[in-house]
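Asks: Following is a predicted model, sequence given first.
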Amino acid sequence: MKPDWEGPLGEAYARAMTYLEELPVRRVGPRDTAVELRGKLGGPLPQGPGDPVQVIAQLADGVEDGLLPSGSGRFFGFVFGGATPTALAADWLATAWDQNAGLYAAAPAAAVVEEITAGWLVELFGLPEQTSVGFVTGAQMANFTALAAARHAVLAKAGWDVEADGLNGAPPIRVLVGAERHDTVDRALRFLGLGTRCIVPIAVDGQGRMRPDALARELNQGLTIVCAQAGNVNTGAIDPLDEICELAGDAWVHVDGAFGLWSAVGTPIKGLEKADSWATDAHKWLQVPYDSGLVFTAHPEAHRAAMGIRASYLIHDENQRDPLDYNPEFSRRARGFAVYAAIRALGRSGIVELVERCCAMARRFAGQLQPYVLNEVNLNQVLVRFGDDDLTRRVVKAVQQEGTAWMSGTTWQGRAAMRISVSNWTTSEADVDRSVEVILRCVEIERARSTQG
Ligand SMILES: *Cc1c(COP(=O)(O)O)cnc(C)c1O
């Protein structure tokens with residue numbers, strides 16, 4: 001039977017084009033409630049086949065009002081990136097080609113593209129030449145993979161083979177992490193069996209940067225991993241990596257740079273190259289569609305010791321790079337194609353420009369919201385607070401409901417704040433100005449509501 005590719009793919013293409021072209025004018029927020037979505041999408045288990053085009057059309061109709069248009073230039077929630085047309089197109093092809101990118105033998109082009117892209121990334125970030133790279137789902141798994149390599153290296157140095165013997169009876173490891181770390185670090189340590197109690201929180205400054213003096217007091221007390229950060233998820237602050245790496249000496253230093261690492265392409269981060277591993281995302285600032293994260297280590301043998309696999313039925317070409325030696329997945333999609341295309345489409349100067357434009361837009365927000373700004377706006381993150389916790393939370397909610405722009409709330413060092421993250425390649429000055437207008441209007445309305453009691 002000749003498959004009908006044209007029908008469902010044509011429908012999907014038409015739907016995608018409508019969605020993407022309407023992004024700039026779409027309401028930035030979902031319309032449907034969960035109950036409404038269940039009503040549209042639910043129903044009994046299909047007992048027989050459905051018409052392919054109908055299935056796609058019904059899916060698209062059903063989800064339409066439940067989509068959060070996070071690719072909009074006025075979406076400032078969390079730290080979500082958008083997707084550029086080139087990266088999205090390459091990602092579509094990755095799906096169409098449906099390569100299993102685990103092995104060179106199973107997907108030669110995917111393996112070679114990842115190898116080439118890995119080299120470009122190492123050069124872009126200015127990392128050591130021998131740096132090994134893994135293509136993972138996000139910074140969560142990048143942190144996990146890097147810390148698995150760290151766990152291997154630190155224990156191997158103490159004469160313990162963690163891959164063979166596990167952690168029962170192993171010498172304890174202390175993980176020194178800034179108090180304002182991202183929660184995925186804790187989660188990675190849970191996955192690794194190190195547990196969150198191995199964490200020694202290190203005091204931070206008002207921007208969330210790890211304080212070297214506080215770090216120094218906790219070093220040299222046994223097996224140690226230091227987890228630093230380039231780009232605090234609230235303030236965008238970058239830890240003093242040069243000092244941290246100097247102080248850390250023999251300890252393994254990991255850098256969570258989920259979005260902040262991209263700022264190093266244009267403005268080198270001092271000491272970045274002295275760390276032992278790094279995590280970042282392609283689906284944040286590089287504008288590659290989900291999901292796409294990257295892990296780097298300066299110690300390929302530790303990286304492979306932690307992740308590598310040799311199975312009897314696999315074909316390992318010892319002269320080629322098998323991607324599955326560098327990430328925790330076995331079978332997986334060819335994530336490298338989209339990253340490769342994104343880098344080719346932007347080039348170094350395009351990445352620098354993209355990062356600088358987002359930072360400039362963040363400064364524009366800060367300028368117009370000045371009396372409310374809580375943080376030093378050195379990157380793309382702006383924290384604002386309107387008087388007290390209650391008013392701040394109400395303003396966040398009111399802005400989300402208004403639909404022009406979308407930003408999330410957070411708690412920064414004990415106080416409620418609105419967090420504005422400029423991480424989309426299409427955000428313009430007009431987008432910022434319109435969003436500020438809405439924010440200020442919501443502040444007025446909510447304030448009036450407070451005084452009315
Ligand atoms: C977003 C983020 C993460 C988690 O990244 P995912 O891609 O969602 O897994 C980790 N650390 C920091 C600093 C982040 O901003």
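Replies: Perfect, thanks for sending it.
Asks: Packing partners of the one helix or strand Gly7 maps to?
Replies: Here Gly7, judged by DSSP states H and E, is contained in helix 6-22. If you count contacts as 3 or more Cβ pairs under 8 Å, 6 or more residues apart in numbering; DSSP states H and E, helix 6-22 packs onto helix 52-63. Every C-beta, even on glycine, is put in place using the N, C-alpha and C of the backbone.
Asks: Pull out the buried residues from the next helix or strand after the helix it packs on.
Replies: Using DSSP H and E, the helix or strand that follows helix 52-63 towards the C-terminus is helix 85-97. Neighbour counts over helix 85-97 (16 or more other Cβ atoms under 10 Å) mark Thr86, Ala87, Leu88, Ala89, Ala90, Asp91, Trp92, Ala94 as buried.
Asks: What of stretch 348-357?
Replies: Result for stretch 348-357 [16+ other Cβ under 10 Å]: buried residues Gly350, Ile351, Val352, Leu354, Val355, Arg357.
Asks: Can you tell me how far the fourth one is from Leu286?
Replies: This points to Leu354. 8 Å (Cβ to Cβ, to the nearest Å).
Asks: Then the first one?
Replies: Applying Cβ to Cβ, the value for Gly350 to Leu286 is 10 Å.
Asks: now swap in the second one and tell me
Replies: When Cβ to Cβ is applied, the distance between Ile351 and Leu286 equals 7 Å.
Asks: is it true that Arg187 touches Gln140?
Replies: Yes: counting by Cβ atoms under 8 Å, Arg187 does reach Gln140; the two are 6.6 Å apart.
Asks: ok, so of the buried residues of stretch 348-357, who is nearest the ligand?
Replies: The ligand has its nearest neighbour among those in Val355, at 14.5 Å by Cβ to the nearest ligand atom.
Asks: What does the pLDDT read for the closest one?
Replies: Looking at Val355, its pLDDT stands at 98.
Asks: Next, find the distance separating the residue of the chain found nearest the ligand from His283.
Replies: Distances between the chain and the ligand by Cβ to the nearest ligand atom are smallest at Gly138, namely 2.6 Å. Separation of Gly138 from His283 (Cβ to Cβ): 7 Å.
Asks: Mutual contacts of the two, please.
Replies: Each of Tyr290, Asp291, Ser292, Gly293 lies in contact with both Gly138 and His283 under the rule Cβ atoms under 8 Å, 6 or more residues apart in numbering.
Asks: which residues touch the last one?
Replies: What that stands for is Gly293. 135-142, 258, 279-283.
Asks: Now do the strands in the stretch 301-450 of the chain.
Replies: 381-384, 408-412, 415-421 (DSSP state E, counting those that start in this stretch).
Asks: Deepest in the core, which of those is it.
Replies: Highest mean neighbour count among those (mean count of other Cβ atoms under 10 Å): strand 381-384, with a mean of 27.
Asks: Determine the set of other helices and strands touching it.
Replies: helix 336-368, strand 415-421.
Asks: distance between it and the chain's centre?
Replies: Centre-to-centre, strand 381-384 and its host chain are 18 Å apart (Cα atoms, centre = their mean, to the nearest Å).
Asks: Contacts (any at all) between the ligand and that strand?
Replies: No: interface with the ligand: strand 381-384 contributes nothing (Cβ under 6 Å from any ligand atom), its closest point being 9.4 Å away.
Asks: what's that strand in contact with?
Replies: Contacts of strand 381-384 (Cβ under 8 Å, 6+ apart): 79, 231-236, 362, 365-366, 369, 372-375, 392, 410, 412, 417-422, 439.
Asks: From those residues, list the buried ones, please.
Replies: Looking at those with 16+ other Cβ under 10 Å, the buried ones turn out to be 79, 231-236, 362, 365-366, 369, 372-375, 392, 410, 412, 417-422, 439.
Asks: Which ones, among these, also lie beside the ligand?
Replies: Val79, Gly231, Val233.
Asks: where does the last one fall, helix, sheet strand or coil?
Replies: Here Val233 is coil, with the state taken from DSSP: H, G, I helix; E, B strand; the rest coil.
Asks: contacting residues around Trp160?
Replies: By Cβ under 8 Å, 6+ apart, the neighbours of Trp160 are Ala170, Pro171.
Asks: Quick check, pLDDT for it.
Replies: 98.
Asks: Tell me the secondary structure at it.
Replies: Trp160, by the three-state scheme (three-state DSSP), is coil.
Asks: Pro52 reaches Gly7, doesn't it?
Replies: Yes: assessed by Cβ under 8 Å, Pro52 is found in contact with Gly7 at 5.4 Å.
Asks: show me where pLDDT drops low in this protein?
Replies: 453 (pLDDT under 70).
Asks: which residues in it form helices?
Replies: 6-22, 34-41, 52-63, 85-97, 108-125, 139-157, 162-165, 183-191, 212-218, 241-248, 300-307, 336-368, 389-402, 429-451 (DSSP state H).
Asks: List the buried residues of the first one.
Replies: Applying a neighbour-count criterion of 16+ other Cβ under 10 Å, one finds Pro8, Glu11, Ala12, Arg15 buried in helix 6-22.
Asks: tell me which of those is nearest to Pro172?
Replies: Nearest to Pro172 among the buried residues of helix 6-22, counting by Cβ to Cβ, is Ala12 at 52.0 Å.
Asks: what separates the closest one from Gly102, distance-wise?
Replies: In terms of Cβ to Cβ, Ala12 sits 26 Å off from Gly102.
Asks: Buried residues of stretch 189-209, list them for me.
Replies: Leu189, Phe191, Leu192, Leu194, Cys198, Ile199, Val200, Ile202, Val204, Gln207, Gly208, Arg209.
Asks: gap between it and the chain center?
Replies: Using Cα atoms, centre = their mean, the offset of stretch 189-209 from its chain centre is 19 Å.
Asks: before we move on, what about stretch 242-251?
Replies: On Cα atoms, centre = their mean, the centre of stretch 242-251 falls 25 Å from the chain's centre.
Asks: and the stretch 201-350 of the chain, which residues reach the ligand?
Replies: Residues of the stretch 201-350 of the chain lying near the ligand (Cβ under 6 Å from any ligand atom): Gly231, Val233, Asp256, Ala258, Phe259, Asp281, Gly293.
Asks: Between which two of those residues is the distance greatest?
Replies: Largest pairwise distance in these, by Cβ to Cβ, is 14.7 Å, between Val233 and Gly293.
Asks: List the contacts of Arg364.
Replies: Glu429, Val432, Asp433.
Asks: 6 Å instead, please
Replies: Val432 (Cβ atoms under 6 Å, 6 or more residues apart in numbering).
Asks: Contact partners for the residue most central in space within the chain?
Replies: Nearest to the geometric centre of the chain sits Asp281, at 4.1 Å (Cα atoms, centre = their mean). Asp281 is in contact with Gly138, Ala139, Ala258, Gly293, counting by Cβ under 6 Å, 6+ apart.
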